[in-house]
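Asker: sequence below, structure please.
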Amino acid sequence: MRRMMLVLMIVAVVVATATAAGPAMAQTEDKAAARAAKKADRQAARAAKKAQKAAPADASAKKALPATGGIPAGTVALLGTGALIVGGGLVVRRAVRR
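Answerer: Numbers count the residues shown, from 1 in each chain. Below is the predicted model:
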């Protein structure tokens, strides 16, 4: 029983590690997406210049809202991974003591 619980704990740690590290490893440079984003930025800059020329003077007095923060997805994944590891360790500890 102890060996089985130990193996399950090891598997849980490996799965948690793969789940947390997978998205980071999957990030690759996509040149087509980068080109499309650059083109969209240029078009947005042109549109902003046109809008600035056509906008009245008091519209420039409005302030832009600050960007919202939020919790990054990586932090949430690490929090879940930590909870799985701690929970698995408690289960193994309980099984070993019996």
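
Asker: can I have stretch 87-98 written out in PDB, keeping just the CAs?
Answerer: Output of stretch 87-98 as PDB, limited to C-alpha atoms (Å, rounded to 0.1, in the frame of the first residue of the first chain):
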ATOM      1  CA  GLY A  87      -2.900  17.600  -0.800                       C
ATOM      2  CA  GLY A  88      -1.100  14.600  -2.300                       C
ATOM      3  CA  GLY A  89       1.600  14.800   0.400                       C
ATOM      4  CA  LEU A  90      -1.100  14.800   3.100                       C
ATOM      5  CA  VAL A  91      -2.800  11.800   1.600                       C
ATOM      6  CA  VAL A  92       0.500   9.900   1.500                       C
ATOM      7  CA  ARG A  93       1.300  10.900   5.000                       C
ATOM      8  CA  ARG A  94      -2.000   9.700   6.300                       C
ATOM      9  CA  ALA A  95      -1.700   6.400   4.400                       C
ATOM     10  CA  VAL A  96       1.800   5.800   5.700                       C
ATOM     11  CA  ARG A  97       0.800   6.400   9.400                       C
ATOM     12  CA  ARG A  98      -2.000   3.800   9.200                       C
END
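
Asker: neighbouring contacts of that stretch?
Answerer: Applying Cβ atoms under 8 Å, 6 or more residues apart in numbering, the contact partners of stretch 87-98 are 1-2, 5-6, 8-9, 12-13. Just so you know, the C-beta spots here come from the backbone N, C-alpha and C atoms, and that holds for glycine as well.

Asker: let me know the pLDDT of the residue nearest in space to the middle of the chain.
Answerer: In the chain, the residue lying closest to the centroid (Cα atoms, centre = their mean) is residue 73, at 2.7 Å. Note for residue 73: predicted pLDDT of 71.
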